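**Student:** predicted model, plus sequence, below.
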Amino acid sequence: MSLQNYIRDIQGFPKEGILFKDITPLLIDPLASQECLKLLVSTLKDKKINKVVGVESRGFFFGTLIAQELNAGFVPVRKPNKLPYETISATYDLEYGTDTLEIHIDAIQKGDRVLIHDDVLATGGTIKAVSELVERLGGEIVQCNFIMELSFLNGREKIKDQEIFAALTY
């Protein structure tokens, strides 16, 4: 099964000049979703991960499933004012603007072995900000894990010290 057949290109979203990679067809198909999950956890079985950090919002879809597969806790990273408890935040640049993300101050404990999951590695700004949040709380990042990587945007450069896995590369 080729997962690329389940990624739809949307020209001009969220603004002109952007070619958006839509994972909705992947989410709709249960067999494709199962195959994607299998790929995403394929390199993780012996890594002793105890927390999976999912990035709002598309990182939640597979992040929770990965956490269940690994018998790990799931930690949401969200946009400002979406988490009810005390948070820390990081602001970052992305390919079409800037944004801020937050995490609960008690979500990661010193020494936690953390997988960070998001749907796409693009310019690397989002994942760099999440990495900073995890490290500020004392977590050890074991891997940054993505459904797809847009390699032409060189996002790896911003997190080159991290182990990176992407199920698909464009």
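**Tutor:** Cool, the structure landed.

**Student:** in the chain, which residue is most central in space?
**Tutor:** residue 118 (1.5 Å; C-alpha atoms, centre = their mean).

**Student:** Provide a list of residues in contact with that one.
**Tutor:** 54-55, 58-59, 126-127, 130, 144-146 (C-beta atoms under 8 Å, 6 or more residues apart in numbering). Using the backbone N, CA and C atoms, a C-beta is placed for each residue, glycine as well.

**Student:** tell me the secondary structure at residue 13.
**Tutor:** coil (DSSP: H, G, I helix; E, B strand; the rest coil).

**Student:** excluding chain neighbours, what is closest to it?
**Tutor:** residue 20 (4.2 Å; C-beta to C-beta, 6 or more residues apart in numbering).

**Student:** please identify the helix or strand for that neighbour.
**Tutor:** strand 19-22 (DSSP states H and E).

**Student:** name every strand pairing with the helix or strand in which residue 75 is found and say which way it goes.
**Tutor:** Assigned by DSSP H and E, residue 75 belongs to strand 73-77. Strand pairing for strand 73-77, using DSSP bridges, gives strand 51-55 (parallel).

**Student:** pLDDT averaged over the strand it pairs with - what is it?
**Tutor:** Across strand 51-55, pLDDT averages out at 98.

**Student:** same question for stretch 119-126.
**Tutor:** 93.

**Student:** related to what we said a few turns ago, which residues are in contact with the strand holding residue 20?
**Tutor:** 7-11, 13-14, 120, 148, 150, 170.

**Student:** how about low-confidence regions in the protein?
**Tutor:** 94-97 (pLDDT under 70).

**Student:** output the strand holding residue 75 as PDB, nothing but the C-alphas.
**Tutor:** Presented in PDB, the C-alpha positions along strand 73-77 are these (Å, rounded to 0.1, in the frame of the first residue of the first chain):
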ATOM      1  CA  GLY A  73       1.300   9.000  28.200                       C
ATOM      2  CA  PHE A  74       0.000  11.500  25.600                       C
ATOM      3  CA  VAL A  75       0.900  15.200  26.000                       C
ATOM      4  CA  PRO A  76      -0.900  17.800  23.900                       C
ATOM      5  CA  VAL A  77       0.900  20.900  22.800                       C
END
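
**Student:** so where do the helices sit in the protein?
**Tutor:** 24-28, 30-41, 58-70, 125-136 (DSSP state H).

**Student:** which among the ones you listed is found nearest to residue 49?
**Tutor:** Among the helices of the chain, the nearest to residue 49 by C-beta to C-beta is helix 58-70 (5.3 Å).
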